[in-house]
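J.: okay, sequence plus prediction incoming.
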Amino acid sequence: MSVHYENDGALAVVTIDRPEVANAIDAPTARELADAFRAFEADDAASVAVLTGSGGTFCAGADLKAMRSGEPERVTRLSPEGDGPVGPTRMLLSKPVIAAVEGHAVAGGLELALWCDLRVASEQAVFGVYCRRWGIPLMDGGTVRLARLIGHSHALDLILTGRGVSGEEARSMGLINRLVPASAALPAAKELALEIASKPQAALRSDRLSSYEQWSLSLDEALAGEYRHGLATLQTQELIGGLERYESGAWRSERADEKRRGERAR
């Protein structure tokens, strides 16, 4: 198996494990990766997933050696239907995924990181459209998500030049959400995932879904969709527990804990 799915209560960890090729993705790996996130989606115990790579590298994109080999079982099949070339990039899950990035997240690996809701990266992580140098286009949502995430100007800088960015530059662009020391991306991403998992989930998932759906809608349609999702959330009665927690004052200690976590992330 080139992809491992591990569940630890509310947290699921999906690991790409092909360190001999910098976790590059061939067809079997793409299928395993998509299946891992289908398993996460169906796993009622898991609230948040972390996507990472083994051996100190996130993902170098598509496996170019597999592409050159011409072996049908190893070359990612291209189709407008079904899974994306590197696996889950056409999925809209109901639960959040956090990328824990060490080393390179480039080409299709960058697209995988962009597919995630949040990105926690170490200071030595590198992001880039490295496929530019090989004449390979972005086909896993990179041209769409990159511009939406960091703005068209920054996106074109990366898309046209193929250069790598890291550290404070990547954070200032909005490409990453948390910047941590080397080798700390996975622990920090897990901590962030557990923080998110500790929140009331119905409202969180409703708001997350509304924020994704609004991209293709007019303002009136987007506002109506948000309202519709909100009404459905209120019907879960989750609000009652939240009001009780507010009344008890428990939110004060929770806010203090969040502040301490934020200071560590900086």
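T.: Received, thanks.

J.: residue contacts, Ala24?
T.: 18, 59-66, 109 (CB atoms under 8 Å, 6 or more residues apart in numbering). Placement of C-beta: from N, CA and C, glycine included.

J.: distance between the ends of stretch 14-31?
T.: Start and end residues of stretch 14-31 are separated by 13 Å (CA to CA, to the nearest Å).

J.: give me the mean pLDDT for it.
T.: Mean per-residue pLDDT for stretch 14-31: 96.

J.: tell me the buried residues in it?
T.: 14-18, 21-31 (16 or more other CB atoms under 10 Å).

J.: wait, which of these is closest to Leu231?
T.: When the buried residues of stretch 14-31 are compared for distance to Leu231 (CB to CB), Val14 wins out at 32.8 Å.

J.: show me what Val97 bridges to in the sheet.
T.: On the basis of DSSP bridges, Val97 is bridged to Ala49.

J.: gap between it and Arg18?
T.: 19 Å (CB to CB, to the nearest Å).

J.: ditto for Ala203
T.: Counting by CB to CB, the gap from Ala203 to Arg18 is 38 Å.

J.: isn't Glu95 right next to Val48, touching?
T.: Rather than Glu, residue 95 is Lys. Yes - Lys95 is within contact range of Val48, at 6.5 Å (criterion: CB atoms under 8 Å).

J.: the more surrounded of those two?
T.: Val48 (26 against 22; other CB atoms under 10 Å).

J.: which one is the more buried one nearest to, not counting chain neighbours?
T.: Once flanking residues are discounted, Val48 sits nearest to Ala193: 4.0 Å by CB to CB, 6 or more residues apart in numbering.

J.: now the helices for the stretch 1-150 of the chain?
T.: 27-42, 64-69, 108-115, 142-150 (DSSP state H, counting those that start in this stretch).

J.: burial-wise, tell me which of the ones you listed comes out on top.
T.: helix 108-115 (a mean of 28; mean count of other CB atoms under 10 Å).

J.: so how far is that one from its chain's centroid?
T.: Its chain's C-alpha centre and that of helix 108-115 lie 8 Å apart, by CA atoms, centre = their mean, to the nearest Å.

J.: what packs against that helix?
T.: Judged by 3 or more CB pairs under 8 Å, 6 or more residues apart in numbering; DSSP states H and E, the packing partners of helix 108-115 are strand 97-101, strand 126-128, helix 142-150.

J.: mean pLDDT and distance to Asp44 added to the ones you listed, as CSV?
T.: Supplementary listing: those in CSV, determined by pLDDT from 0 to 100; distance: least, CB to CB, whole Å:
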stretch, mean pLDDT, distance to Asp44
strand 97-101, 98, 16
strand 126-128, 98, 33
helix 142-150, 97, 28
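
J.: figure out which of those is closest to Glu168.
T.: Among the helices and strands packed on helix 108-115, strand 126-128 sits nearest to Glu168 (CB to CB), with 12.8 Å.

J.: pairing partners for the closest one, with directions?
T.: strand 104-106 (parallel), strand 164-166 (antiparallel).

J.: out of these, the one nearest Ala222 is which?
T.: Short answer: strand 104-106, nearest of the strands paired with strand 126-128 by CB to CB, at 30.1 Å.

J.: what comes up buried for the closest one?
T.: For strand 104-106, a neighbour-count test (16+ other CB under 10 Å) marks 104-106 as buried.

J.: and for stretch 166-186?
T.: Buried residues in stretch 166-186, counted by 16+ other CB under 10 Å: 166, 170-171, 173, 175-180, 184-186.

J.: next: stretch 205-213.
T.: Those would be 205-206, 208-210, for stretch 205-213 by 16+ other CB under 10 Å.

J.: so which residues make contact with it?
T.: 92, 94-96, 117, 222, 225-226, 229-230, 232-233.

J.: next one: stretch 125-135
T.: So stretch 125-135 is contacted by 58, 60-62, 64, 101-108, 110, 113, 121, 137-138, 142, 158-166, 170, 175-176, 185 (CB under 8 Å, 6+ apart).
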